[in-house]
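Trainee: I need the structure of the sequence given here:
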Amino acid sequence: MLTRALRRGMCACAVRVDHTGGVMGAAAVAARRANPGDVLMTIRESDAEVRTEPSKFTIHIGRGRHLYAESVMRMNHSFEPTIRLELPAQHTDDADALLVLVADRKIEPGDPITFDYN
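Mentor: Modelled structure (predicted):
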């Protein structure tokens, strides 16, 4: 899903999958610099699944709606995360957008893309 989105040129995507380590052999890392408040990636319905049941690989996005996407699977937890997850309304009018990854602090290329699971 993330790989397909990157190939399609989805947004000015600033996230890539690093296959040298991380959970399940890969981790999401920054592909470019970002400043606090920059949108790193928009996850769209066409590049994800919305499920009715939660799992350890989904993010709750609404009542009975849990987002499953490769990009979510590859992000790790941190109590000092590099990004925050936001609903798209304040960032885009794209009706297909489900979730937006926003830089929470300055991010350099290769920095892990992490968020607080709590």
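Trainee: Sticking with residue 72, tell me its helix or strand.
Mentor: Taking DSSP states H and E as the criterion, residue 72 maps to helix 70-73.
Trainee: How about residue 79?
Mentor: Using DSSP H and E, no helix or strand contains residue 79.
Trainee: and the nearest residue to residue 46 once chain neighbours are set aside, how many neighbours?
Mentor: Distances taken as C-beta to C-beta, 6 or more residues apart in numbering place residue 96 nearest to residue 46, at 5.8 Å, with adjacent residues excluded. Where you see a C-beta, it was placed from the backbone N, CA and C, and this is true even at glycine. For residue 96, the neighbour count with other C-beta atoms under 10 Å is 13.
Trainee: Same question for the one 3 residues further on.
Mentor: Summarising burial for residue 99: neighbours were counted as other C-beta under 10 Å, giving 20.
Trainee: give me the element it is part of.
Mentor: Element membership for residue 99 (DSSP H and E) is strand 97-103.
Trainee: chain center to whatever helix or strand comes next after that strand: distance?
Mentor: Counting by DSSP H and E, the next helix or strand C-terminal to strand 97-103 is strand 114-115. In this view, strand 114-115 has its centroid 9 Å away from the chain centroid, taken as C-alpha atoms, centre = their mean, to the nearest Å.
Trainee: Which other helices and strands does strand 114-115 contact?
Mentor: Packing partners of strand 114-115 (3 or more C-beta pairs under 8 Å, 6 or more residues apart in numbering; DSSP states H and E): strand 76-77, strand 83-86.
Trainee: The ones you listed: which one's closest to residue 117?
Mentor: Nearest to residue 117 among these is strand 76-77 (4.5 Å), distances taken as C-beta to C-beta.
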